[in-house]
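Novice: What shape does this take:
(2 chains)
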Protein chains: 2
Amino acid sequence: MNNLIPRLTKTALALATGLLLCPGVRGERSDSQLWLPSENCGCKVEYKGSLPEAKKACEILQASAPDEYFTRVRLEQKRDRKIPSESYKVKADSASRTITVTSPSGRGLLYGALSLYRPQSCRDREDKPVHNLRILNHWDNMDRTVERGYAGKSIWDWKSQIADSMKSVYEKYALANAIAGINGTVLNNVNASPDMLRSEVVREVAKVADILRPYGIKVYLSVNFASPMALGGLSTADPLSSEVSGWWKKKVEEIYREIPDFGGFLVKANSEGQPGPCDFGRSHAEGANMLARVLKPHNGIVMWRAFVYSPSDADRAKQAYVEFKPLDGQFDDNVLVQVKNGPVDFQPREPYSPLFAGMKATPLLAELQITQEYLGHSNHLAYLAPMWEEFFEEAPRSGIKGVAGVANVGDSDNFTGHPLAQANWYAFGRMAWNPELSPETILDEWIYQTQWLNPDADQQKTLVKMMAGSREHVVDYMMPMGLHHLFAFGHHYGPEPWCDVAGARADWLPKYYHRADKEGIGFDRTEKSGSGATCQYPESDRSRFEHFSTCPEKYLLWFHHVGWDSKLPSGETVWQALNRHYDSGVEGVAEMRGMWQDMKGSVEPEIYSDIDSRLLTQHKDAIWWRDACLEYFGNISGKEAERLPMHRLEDMMKVKLNIDNFTNPSAELLDTKR
Amino acid sequence: MNNLIPRLTKTALALATGLLLCPGVRGERSDSQLWLPSENCGCKVEYKGSLPEAKKACEILQASAPDEYFTRVRLEQKRDRKIPSESYKVKADSASRTITVTSPSGRGLLYGALSLYRPQSCRDREDKPVHNLRILNHWDNMDRTVERGYAGKSIWDWKSQIADSMKSVYEKYALANAIAGINGTVLNNVNASPDMLRSEVVREVAKVADILRPYGIKVYLSVNFASPMALGGLSTADPLSSEVSGWWKKKVEEIYREIPDFGGFLVKANSEGQPGPCDFGRSHAEGANMLARVLKPHNGIVMWRAFVYSPSDADRAKQAYVEFKPLDGQFDDNVLVQVKNGPVDFQPREPYSPLFAGMKATPLLAELQITQEYLGHSNHLAYLAPMWEEFFEEAPRSGIKGVAGVANVGDSDNFTGHPLAQANWYAFGRMAWNPELSPETILDEWIYQTQWLNPDADQQKTLVKMMAGSREHVVDYMMPMGLHHLFAFGHHYGPEPWCDVAGARADWLPKYYHRADKEGIGFDRTEKSGSGATCQYPESDRSRFEHFSTCPEKYLLWFHHVGWDSKLPSGETVWQALNRHYDSGVEGVAEMRGMWQDMKGSVEPEIYSDIDSRLLTQHKDAIWWRDACLEYFGNISGKEAERLPMHRLEDMMKVKLNIDNFTNPSAELLDTKR
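Specialist: Next up is the predicted model:
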């Protein structure tokens, strides 16, 4: 932990560092210029109030002028209850070379000021967020492991109480969030330890909250529903027990004494072994409402996750809907139900969760995953904005009041492991602010602001093209056409379509999802002959998904079990189309490697090589995935892959990566296994 | 060792097994039909003499008729001192459905009889060998390791005296040789142990000789020149010492008492640490002649190897010529100097050794290598006949009186490790018999006679195409354009163009051979500016090799150091041409894999998979070779490979295969390393 500060300070790859140099210095940085330079950059900044976020904005502007022409920036609070608090206006006066940012709030002034660092941003305009809750979810454990985290250990350390000494790191983290428009952070894993609510931990959380506050970031905590028993020594955690609610009331009061603007609780209940109200015969709504009522006086909220799947139903994809739809309308108004974008679990591609259509009377949070649990961890380049764009375009959005993103942040030099994965952190915040932003626009912004990237015009185009297409390649070489969950058991890195683990729940095994047999492949979720999951969708989507002829190819094997030789509208058979997708995924990665070569010189050599090396790993993995799936399915179908495999099926079936669910496998480990 | 017999008998993949079934049974074999079936096949065989080879031929013909139409085969000795002893005539009489084979000798009758099993062979014709000495060289040690052997342990075991119990295996081996026309075998390594001449070993050798004799195969031994000291207790091995020649005389008499038709000695002297006459101030000729005079009364010969390279000269390729050319004319008439085909050491491609032109008064043996020391061991398919064809076409042949081949035989189920490597054993014998035979013709013969291959007409064409092109692919992906000796130190399997071993002789290191630097690549062997090795060639070849513009591209970097950007007649630069060759090598292997898929069904599944699997290993190795060479040379030249590598240079440079010089690396070992 002692190493963390110098490492972060010295290497400085963070998003945050991208904009903290005076214009003209970009591309000529030396190590001493990596972080807020001590000297004033010459930009005149005016702000007369005392809002902490606005004062922070001044500090930043003072250190690094966002534009060469405009030499003065004025920040002004303009109280107006009719406009959203976080909105802001920018006015550029060429005559006086002055930019004026106005907003009803300090946060709005901060966002407005930071927006000036984006390309072509010093002009008249206004902006406001589509969602008021834009929250990062850390799946960080108290032992500093990060569940599904592939960028090192947690930057938080609740046991060692080092928040003060970590201040400069946390400020970088906070700034990176603020730049992206993220206004809240849940500091610990949804698989929560009751110890997070111990008084000494709460005091440490308060220190972090103090550091993050000027950046407009509220702090939240995940709570273990059985905390009253584990921590309070009660004999129950029944939400209808007054003893239990009393315990929570006291705990919440304690928290708010330390953190007056504390955001609230995130709860994973009765899911994958976590305790919850159902253990005491109560509903999710009863559990959530008990906490909501305790938080209400402090303006706190409850974010209640809908990620549940009982082993009882024959189709896991239906479970969340089956359990939560009947509760619609029963939640208090400061409860939001947090729903994963897809009905299963952060697959490279899923149709949207039908809960977004079904929960008509309940405010929802869309839970997206920034960390690449199922998209190659931090070895693979997978720019996720196109995936989120797809979600926001296809899902009904009226109920969505906020967006949560499972963070890809750790204590690695660049926060995110894969340097380009910083873009996913940024894109998450930007799309939570405004889902209409195009993935390419966001990339243009991110590249422009990123310290270690200095592409010329052609390189910029290449980089945007390369990153924008990357997630589709991942889908193609892993699980095209609606295939899902073909992952290795436990760590979810490599391919294991054959996976069989004695005693494991059926719906943890790939065969449950691909259902490949001699005749065909895919999960029949139609009403007519399958699980009927299609019926959970609104009529227009239901009928589209229900029929082979109208179901989009990208969801075909999600909703249908189809013959290997079934003809697609394209004229191809299913087997041919699978081959095409897998080959195209591999080819796509090869092309990305070529495009990255064009970036030489616009990236510092160390980072260039790091990314080059990760792309090679991705290329090899893509071949591995293609071979594993086509050889395995070929074996079942009696068909032959159109391209010669580079691996023997029997060898691939022997591969066991000895890694945890918080480990990014090294290239070396992969080379000796794959 | 106890396992050897049942394994060989049961699996029966040998060349030999190909022709031992009655017509019509081909393709329908069961395990019981794998070896000489006990019942008579119905072919009437007539032979009235007592020549052992002719009697063996009768046995074979009786067990398996070579043709469905001709039901009678007559063998007749026709003494005629004007025609070569091993020649034979075949006469087919349709009316009586009788084939008559005539020859002056038993061996000729055997060859004639075995020739009937070749395609379209039952017709009037005659044949005679171009070379009278067609000798297999085993590099087998007394501990049963085989130097540069990749097909298991030695089939010989001089210490355990098991020749009797191994008879059926040795007969298969002998038959495989006879089918190919091989008439001699050197049973032990040229790095010879003096213990091979111990009386108990000689007695064991005699037993083997007895088994091989009816198949027309003479037995030879490699001898250690210092045997009189090591074995006889003498204080010297000086060939001019009468004590020494006396010791040899006695030993030779002992050998001939046991083996009346013993062939003679093969000697590696004053080479790579072996003792020789130069240790006593005598010349190679004096050493060879001493042994020759001792053998002369018994009609034995001496085969004296010219594979020498002192560390003194700046160019190893010149050494053999420098040492042996002055001795031309000094050897006795029962000495043959055995010269490797190329001037360095069995590289995938070398120009011919200039000794074939230089030794005008000395009978020569051309030493070829059947085992693939430098061509991917028994993992890679490299049909070698095209390499040998190239040698016989380019080298002056008038001095060549025999051909020696370093064997690829071991105790693996199929004798040769790679099933298709059986073809190299067969092709060696056939080309030693007649170097004008085309590689494709030999393949047609070999496929037709090979038990475990049953291709239809299209498959036959595919297989011939695939095998005939294989060696050129190996050259392309390993060492195109005259590059040589870029191999890993010691075991000679993978690529190590960067190899540097402290204390190693310069001419054991790849850098000595490729001489790549910032400006260019290649070994300047021209007269004008280099080592002058070109001058060892006859004028027409000298001038052709000397000049960049006339030097064949395939030998360019053997004779010239050329700039990376030098333009070739094709218009390409050297770097571009290197890229083209390496890519083409990899592509060629990929194509072979595709062609092999077409063979499914014509090969029994187990062998099909074995070869399929080896081709995959070869494909991966080809990529490894390409990447290692192009990345390494690219690093030196500052150029980039045209195709993206699948390996990082730094990773490749770390690879160390933990294998011996008699180990074929397993696919598994390679996968964890490569």
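
Novice: Please count neighbours and contacts with C-alpha atoms only from this point.
Specialist: Will do.

Novice: Can you give me the buried ones in the host helix or strand of A:Arg544?
Specialist: In this structure, A:Arg544 sits in helix A:539-546 according to DSSP states H and E. Within helix A:539-546, the residues scored as buried using 16 or more other CA atoms under 10 Å in any protein chain shown are A:541-543, A:545-546.

Novice: Same question for stretch A:627-645.
Specialist: Quick answer for stretch A:627-645 (16+ other CA under 10 Å): A:627-634, A:637, A:641, A:645.

Novice: Quick check: the spatially most central residue of chain A vs A:Asn424, distance?
Specialist: Residue closest to the average C-alpha location in chain A (CA atoms, centre = their mean): A:Ile370, at 2.2 Å. Applying CA to CA, to the nearest Å, the value for A:Ile370 to A:Asn424 is 6 Å.

Novice: Mind listing the shared neighbours of the two?
Specialist: Any residue near both A:Ile370 and A:Asn424 by CA atoms under 8 Å, 6 or more residues apart in numbering or on different chains counts here, and that gives A:Leu384.

Novice: Please work out how many residues are found near A:Gly490.
Specialist: When neighbours are defined as other CA atoms under 10 Å in any protein chain shown, A:Gly490 has 10 of them.

Novice: what about the longest helix in chain A?
Specialist: Ranked by residue count under DSSP state H, the longest helix found in chain A is helix A:605-637.

Novice: Residues touching the next helix or strand after it, excluding its own?
Specialist: For helix A:605-637, the following helix or strand on the C-terminal side (DSSP H and E) is helix A:649-652. By CA under 8 Å, 6+ apart, the list of residues contacting helix A:649-652 from outside reads A:627-628, A:631-632, A:674.

Novice: Name the helix or strand for the closest residue to chain B within chain A, please.
Specialist: The minimum distance from chain A to chain B, using CA to the nearest CA, falls at A:Thr672 (4.0 Å). Here A:Thr672 sits within helix A:667-673, counting by DSSP H and E.

Novice: And for A:Arg593?
Specialist: Under the assignment here (DSSP H and E), A:Arg593 is part of helix A:574-597.

Novice: by how many degrees do that helix and helix A:605-637 diverge?
Specialist: If you take axes from the mean of the first three to the mean of the last three CA atoms, to 10 degrees, helix A:574-597 sits at 170 degrees to helix A:605-637.

Novice: Surely A:Leu266 forms part of a strand?
Specialist: Yes: counting by DSSP: H, G, I helix; E, B strand; the rest coil, A:Leu266 is part of a strand.

Novice: ok, it touching A:Gly300?
Specialist: No: contact criterion CA atoms under 8 Å: A:Leu266 and A:Gly300 do not qualify, at 10.9 Å.

Novice: avg pLDDT for the helix holding A:Arg593?
Specialist: Mean per-residue pLDDT for helix A:574-597: 98.

Novice: do the same with stretch A:343-353
Specialist: Rounded mean pLDDT across stretch A:343-353 is 98.

Novice: Check which residues of it are buried.
Specialist: Within stretch A:343-353, the residues that qualify as buried are A:343-353, counting by 16+ other CA under 10 Å.

Novice: Break down the stretch 151-300 of chain A into its strands, ranges please.
Specialist: Along the stretch 151-300 of chain A, the stretches classed as strands by DSSP state E, counting those that start in this stretch are A:184-186, A:218-223, A:264-267.

Novice: To A:Leu364, which of those lies closest?
Specialist: Smallest distance to A:Leu364 across the strands of the stretch 151-300 of chain A (CA to CA): 12.8 Å, for strand A:264-267.

Novice: Mind giving me the packing neighbours of the closest one?
Specialist: strand A:218-223, strand A:301-305 (3 or more CA pairs under 8 Å, 6 or more residues apart in numbering or on different chains; DSSP states H and E).

Novice: same thing but 10 Å
Specialist: Here strand A:264-267 touches strand A:184-186, strand A:218-223, helix A:242-258, helix A:284-295, strand A:301-305, strand A:335-340, going by 3 or more CA pairs under 10 Å, 6 or more residues apart in numbering or on different chains; DSSP states H and E.

Novice: give me every residue that touches A:Ser96.
Specialist: By CA atoms under 10 Å, 6 or more residues apart in numbering or on different chains, the residues touching A:Ser96 are A:70-72.

Novice: can I get these in TSV with pLDDT, neighbour count and distance to A:Pro419?
Specialist: Compiled in TSV, those are given as follows (pLDDT from 0 to 100; neighbours: other CA atoms under 10 Å in any protein chain shown; distance: CA to CA, whole Å):
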residue	pLDDT	neighbour count	distance to A:Pro419
A:Phe70	91	19	31
A:Thr71	90	16	32
A:Arg72	94	21	33
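
Novice: could the buried residues of stretch A:627-645 be laid out in CSV, adding pLDDT and distance to chain B?
Specialist: Putting the buried residues of stretch A:627-645 into CSV (pLDDT from 0 to 100; distance: CA to the nearest CA, whole Å) gives the following:
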residue, pLDDT, distance to chain B
A:Asp627, 98, 13
A:Ala628, 98, 15
A:Cys629, 98, 18
A:Leu630, 98, 16
A:Glu631, 98, 14
A:Tyr632, 98, 16
A:Phe633, 98, 18
A:Gly634, 98, 14
A:Ser637, 98, 17
A:Ala641, 96, 11
A:Pro645, 97, 8
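
Novice: what about A:Glu76, is that helix, strand or coil?
Specialist: Classification of A:Glu76 by three-state DSSP places it in strand.

Novice: So what's the residue count around it?
Specialist: 21.

Novice: pretty sure it contacts A:Leu109?
Specialist: Yes: using CA atoms under 10 Å, A:Glu76 is in contact with A:Leu109, at 7.5 Å.

Novice: who touches both of the two?
Specialist: Contacts common to A:Glu76 and A:Leu109, judged by CA under 10 Å, 6+ apart, are A:54, A:88-89, A:100-103.

Novice: Identify those among these that sit within strands.
Specialist: Judged by DSSP state E, the subset of the shared contacts of A:Glu76 and A:Leu109 located in strands is A:88-89, A:100-103.

Novice: among the residues you listed, which ones are buried?
Specialist: Buried by 16+ other CA under 10 Å: A:88-89, A:100-103, out of those.

Novice: Pick out the most distant pair among the buried residues of helix A:539-546.
Specialist: Spatial extent of the buried residues of helix A:539-546 (CA to CA) is set by the pair A:Asp541 and A:Glu546 at 8.3 Å.

Novice: got any residues that touch both of these two?
Specialist: Counting by CA under 10 Å, 6+ apart, the residues touching both A:Asp541 and A:Glu546 are A:534-535.

Novice: circling back: now the helices and strands packed on strand A:264-267 in a markdown table, with distance to chain B and mean pLDDT?
Specialist: A markdown table is the format used below for the helices and strands packed on strand A:264-267 (distance: least, CA to the nearest CA, whole Å; pLDDT from 0 to 100):
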| stretch | distance to chain B | mean pLDDT |
| --- | --- | --- |
| strand A:184-186 | 39 | 98 |
| strand A:218-223 | 42 | 98 |
| helix A:242-258 | 52 | 98 |
| helix A:284-295 | 50 | 98 |
| strand A:301-305 | 43 | 98 |
| strand A:335-340 | 37 | 98 |
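
Novice: Kindly provide the distance from the residue nearest to A:Val205 when sequence neighbours are not counted to B:Arg107.
Specialist: Closest residue to A:Val205 apart from its sequence neighbours, by CA to CA, 6 or more residues apart in numbering or on different chains: A:Trp158 at 7.7 Å. A:Trp158 sits 91 Å away from B:Arg107, going by CA to CA.
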